[in-house]
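Asks: Sequence and computational prediction follow.
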Amino acid sequence: MINNTLGLGIQGIQSGMQGMENAARQIARGGADGPQGTAEGAGGLVEPIVDLKLYERSVEASAQVVKTADETLGTLLDIKA
């Protein structure tokens, strides 16, 4: 059960990091997925910045899952010893 939880936490961290990389690439491009002067190109930084923050929080939450599972496993090993 703890191994599954650790795996899910690590998977969440990896997914969040990938999302952060994609959002950072969009920000670096200036948020311009569409041609300049269009609605998609103008002011297109808001969504990738929000996404970046969302993925950051996702990574933090997943890291907390991993930390809690690790602490639980340590406690179980201490009890068993």
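Replies: Sure, I can see it.
Asks: Please name every helix or strand in contact with the helix or strand containing Leu77.
Replies: Here Leu77, judged by DSSP states H and E, is contained in helix 46-80. Contact partners of helix 46-80 among helices and strands, from 3 or more CB pairs under 8 Å, 6 or more residues apart in numbering; DSSP states H and E: helix 2-28. To be clear about C-beta, it is placed using only N, CA and C from the backbone, and glycine gets the same treatment.
Asks: And the most centrally placed residue in the chain, how close does it get to Val46?
Replies: For the chain, the residue nearest the mean C-alpha position is Gly16 (2.1 Å; CA atoms, centre = their mean). Distance, Gly16 to Val46, by CB to CB, to the nearest Å: 20 Å.
Asks: ok, now which ones touch Leu54?
Replies: With contacts defined as CB atoms under 8 Å, 6 or more residues apart in numbering, Leu54 is in contact with Gly19.
Asks: Try it again at 7 Å.
Replies: Contacts for Leu54 (CB atoms under 7 Å, 6 or more residues apart in numbering) come out as none.
Asks: Likewise for Asp70?
Replies: No residues are in contact with Asp70 under the rule CB under 7 Å, 6+ apart.
Asks: Numbering from 208 from now on, please.
Replies: Shifting the count to begin at 208 puts that one at Asp277.
Asks: what's the closest non-adjacent residue to Asp258?
Replies: Excluding the flanking residues, the one nearest Asp258 by CB to CB, 6 or more residues apart in numbering is Ala230, at 4.2 Å.
Asks: Sorry, slip of the keys, the one I care about is Thr279.
Replies: For Thr279, ignoring the flanking residues on the chain, the nearest one in space by CB to CB, 6+ apart is Ile209 at 6.1 Å.
Asks: so what pLDDT did that neighbour get?
Replies: On pLDDT, Ile209 comes in at 82.
Asks: From what I see, it and Ala276 are in contact.
Replies: Yes. Counting by CB atoms under 7 Å, Ile209 touches Ala276, with 5.3 Å between them.
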